[in-house]
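> Here is a sequence together with a model predicted from it:
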Amino acid sequence: MLTLNNIEVIYSDVILVLKGVSLDVKEGNIVALLGANGAGKTTALKSMSGLLKTELGEVTDGTIEFEGKRIDRKIPEEIVRMGIVQVMEGRPLFEQLTVEENIKVGAYSRNDTIEIKKDMEEVYQYFPILGNMRHRISGYLSGGERQMLVMGRGLMARPKLMLLDEPSLGLSPTLVKEIFRIIELINKEQNTSILVVEQNAFVALSISDHAYVMENGRIVLDGPSSKLKENEDIKEFYLGLSQVGKRKSYKDVKHYKRRKRWLS
Amino acid sequence: MIEFFQHAITGLMIGSLYALVAAGIVLVYKATHVVSLAHGQLVAFGALFFWLFLGGLGLPFWLSLVPAFVLTALLGLLIERLALRPLIGQPLFAAFLMTFAIFIALEGVFVLYLKGETRTLPAFLPEGNLDISGISIPINQLISFCVAVLLFAAVSLLFKYTKLGLGMRATAEDHRLAQSTGIIVKNIFSYIWILSAMVAAVAGIATANVMDIYYMLPYIGISGLIVAICGGLDSLLGALVVGLLLGFVENVGAAYLDPLVGGGVKDVAAYVVLLAVLLIRPYGLFGLVKIERI
């Protein structure tokens, strides 16, 4: 449903960040986008949701298509109405608004009052904690609660595709598990496709159908998540595993900079 | 004692004008987080447009009111379209300076048109005084006082309970985040400038009701700004309370202190109030305190 076709992104007319990225999200799938800091993952997400423009970024080459329509020249407000919602990194909230108002803002692009009410109850079912603090000022929420709130707010737009930027950032392992369980649940129950950017490769690979690895503004590796999990390089660089049973010597540590290309 | 109440009431009437002027500044801030310095000019133009139709063309009250509102709203919209829309998503300080540029530009046009003359509105509200046990209240000022209070109530409800109000409050916090949730920030900017300009027209007409239109009229915007800051910039209630307070302090202060210090209390009062409030409450009397997570 979403196809990035060899896109190039330049910030402020000089900084080349994405150098020909192609990726594909199929309907109903969860797709993971992995990579080190500064690889260009967030930039890729922003190019899809249109938020690049407010940061002086621009898609200078290639195309982005969503359900057959080109969206790389569209503004964020339009893209939200077409069905793509980005849940930004760092969980930005409208801090002075209450939890319930935050969730309501998520439905701003819609006009069907009755359905909005229903969806709101649904969000509270996914995240029962939020239901208990509807009237609290959201600026005082904890990290986990904030993550739930931004996801709930994203859901209110009834997106066909949700872009999640590092949902596990700074959360305890139990909470990460919980968040990803809900992501899977949303994907199944709402049939929302999800593209998730993650540092926690292990969790991301275990819930996703397909995964891409980015480095230096390029996609260097992709494949079905189950297969990538077994990939030696992924194991080594992202999962921190070495071959079981063998003693590890620093002599043998492959430094990935030494490698000219990734093996898939 | 009666004398004190007389001064107090007169002060409150004047205070409602300050509150009205401040309301426009608060509105723009509440929806976009831009502090508008040019609001006094909008107020002055609102008054001038009204005069053009009522005094200049001699139209009846209601027929003058409508075009005055439309023209002021258009002026607000024009400011937004030409000067502020290109600055969406840019640092707020740029927008703040832009309003200063508008302040100077509109000021120039205003003075150029008036050329140092004054314009006086013909009486358009019922004349006479209401007498309550020795305290006399001019009826036309009482009407404008009531209009001010009603206007505050209406606008507060709009912000608190409507979808548009919610969108405005969200936009004020973070333009980019608002965009990402599907709020059309450009439209929010347009709406709030139109609304703020209309409130400015009300303020202008109410002000011209009690004083002449002359080249210093735009400077009521400075008093409005002081009131808005004291009230907390994003609080309508704050603007109303502080506006009334300022009118009270000015008038009562002038009545009792002027003979002692030889005059001028009225001009200093606003700044004394500002200083006192900001020393005690840096966020203003009713301002939202910035949330810091620990």
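Yep, it's here.

> List, one by one, the residues from the stretch 151-294 of chain B near chain A.
With the criterion set to C-beta under 8 Å from any C-beta of the partner chain, the stretch 151-294 of chain B comes near chain A through B:163, B:166-167, B:169-170, B:173-185, B:288, B:291, B:293. To be clear about C-beta, it is placed using only N, CA and C from the backbone, and glycine gets the same treatment.

> among those, which are in helices?
B:163, B:166-167, B:169-170, B:173, B:175-180, B:185 (DSSP state H).

> Could you look up the SS state of residue 159?
This is for chain A. coil (DSSP: H, G, I helix; E, B strand; the rest coil).

> That one contacts residue A:85, doesn't it?
Yes - with contact defined as C-beta atoms under 8 Å, residue A:159 reaches residue A:85; the gap is 4.0 Å.

> So which of the two has more stuff around it?
residue A:85 (27 against 22; other C-beta atoms under 10 Å in any protein chain shown).

> Quick one: the helices in chain A, in order.
Using DSSP H, helices in chain A cover A:41-49, A:76-82, A:99-106, A:113-126, A:128-132, A:143-155, A:173-190, A:201-207, A:225-230, A:232-234.

> now those helices in a markdown table, with mean neighbour count and mean pLDDT?
Shown next, in a markdown table, are the helices of chain A (neighbours: other C-beta atoms under 10 Å in any protein chain shown; pLDDT from 0 to 100):
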| stretch | mean neighbour count | mean pLDDT |
| --- | --- | --- |
| helix A:41-49 | 24 | 94 |
| helix A:76-82 | 20 | 93 |
| helix A:99-106 | 23 | 95 |
| helix A:113-126 | 15 | 94 |
| helix A:128-132 | 15 | 93 |
| helix A:143-155 | 23 | 94 |
| helix A:173-190 | 16 | 94 |
| helix A:201-207 | 19 | 91 |
| helix A:225-230 | 16 | 89 |
| helix A:232-234 | 17 | 78 |
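
> which one of those helices lies closest to residue B:197?
helix A:76-82 (24.1 Å; C-beta to C-beta).

> Contact residues of the stretch 1-150 of chain A facing chain B?
Residues of the stretch 1-150 of chain A lying near chain B (C-beta under 8 Å from any C-beta): A:49, A:51, A:54, A:75-77, A:80-81, A:85-86, A:88, A:92, A:94-97, A:101, A:104-106, A:108-109, A:137, A:139-140.

> Let me see the contact set for residue A:127.
If you count contacts by C-beta atoms under 8 Å, 6 or more residues apart in numbering or on different chains, residue A:127 has them with A:148-149, A:151-152, A:182.

> And those residues, which two are furthest apart?
Pairwise distances across the contacts of residue A:127 (C-beta to C-beta) peak at 12.4 Å, for the pair A:149 and A:182.

> Surely residue B:9 and residue B:137 touch.
Yes - with contact defined as C-beta under 8 Å, residue B:9 reaches residue B:137; the gap is 5.8 Å.

> Have a look at these two and say which one is more surrounded.
It is residue B:9, of residue B:9 and residue B:137, that has more neighbours when counted by other C-beta under 10 Å, with 21 against 18.

> ok, how many other residues are close to the closest residue to chain A within the stretch 101-250 of chain B?
The nearest approach of the stretch 101-250 of chain B to chain A comes at residue B:182, 3.3 Å away (C-beta to the nearest C-beta). By the criterion of other C-beta under 10 Å, residue B:182 has 22 neighbours.

> Which positions in stretch B:155-172 come out as buried?
B:155-156, B:159, B:164-172 (16 or more other C-beta atoms under 10 Å in any protein chain shown).

> that older thread, the helices of chain A: which one's closest to residue B:263?
helix A:99-106 (50.1 Å).

> The closest one vs helix B:163-173, what angle?
In terms of direction (axes from the mean of the first three to the mean of the last three C-alpha atoms, to 10 degrees), helix A:99-106 departs from helix B:163-173 by 100 degrees.

> Which elements pack onto helix A:99-106?
Packing partners of helix A:99-106 (3 or more C-beta pairs under 8 Å, 6 or more residues apart in numbering or on different chains; DSSP states H and E): helix A:113-126, helix A:143-155, helix B:163-173.

> could you redo these as TSV and give each row distance to residue B:253?
Below are those laid out as TSV (distance: least, C-beta to C-beta, whole Å):
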stretch	distance to residue B:253
helix A:113-126	51
helix A:143-155	48
helix B:163-173	34
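
> Out of these, which gets nearest to residue A:43?
helix A:143-155 (19.3 Å).

> who's in contact with the closest one?
A:85-88, A:91-93, A:99, A:102-103, A:105-106, A:119, A:122-124, A:126-127, A:129-130, A:133, A:138, A:141, A:162, A:164, A:167, A:170-172, A:175, A:178-179, A:182-183, A:186, A:190, A:192, B:181.

> from the ones in helices among the residues of the stretch 151-294 of chain B next to chain A, which single one is nearest residue B:90?
Among these, and counting by C-beta to C-beta, the member closest to residue B:90 is residue B:175, at 9.1 Å.

> Give me the nearest residue to residue 152, chain neighbours excluded.
No chain specified, so I'll use chain A. The shortest distance from residue A:152 to any residue other than its chain neighbours is 4.1 Å, reached at residue A:123 (C-beta to C-beta, 6 or more residues apart in numbering or on different chains).

> To clarify, I was referring to chain B.
residue B:240 is the one closest to residue B:152 (C-beta to C-beta, 6+ apart), at 5.0 Å.

> so that neighbour sits in a helix?
Yes - checked against three-state DSSP, residue B:240 lies within a helix.

> so how far is residue B:29 from it?
15 Å (C-beta to C-beta, to the nearest Å).

> Of the two, give the one with the bigger neighbour count.
residue B:240 (27 against 21).

> For the closest residue to residue B:80 other than its chain neighbours, what are phi and psi?
Nearest residue to residue B:80, sequence neighbours excluded (C-beta to C-beta, 6+ apart): residue B:193, at 3.9 Å. Note on residue B:193: backbone dihedrals following degrees, to the nearest 10 are phi -70, psi -40.

> Hmm, residue B:193 is touching residue B:77, no?
Yes - with contacts counted by C-beta under 8 Å, residue B:193 reaches residue B:77, the gap being 6.0 Å.

> out of these two, which sits in the more crowded spot?
residue B:193 (29 against 16).

> pLDDT averaged over stretch B:116-126, what's the number?
Averaged over stretch B:116-126, pLDDT sits at 86.

> For it, buried residues please.
B:119, B:121, B:124-125.

> Sort out for me which of those are in helices.
Among the buried residues of stretch B:116-126, no residue falls in helices (DSSP H).

> Among the ones in helices among the residues of the stretch 151-294 of chain B next to chain A, which one lies nearest to residue B:244?
Nearest to residue B:244 out of these is residue B:169 (C-beta to C-beta; 24.6 Å).

> Do I have it right that the closest one meets residue B:29?
No - at 11.2 Å, residue B:169 does not count as touching residue B:29 under the criterion of C-beta under 8 Å.

> quick one: least confident helix or strand in chain B?
Lowest by mean pLDDT, DSSP states H and E among the helices and strands of chain B is strand B:129-132, with a mean of 84.
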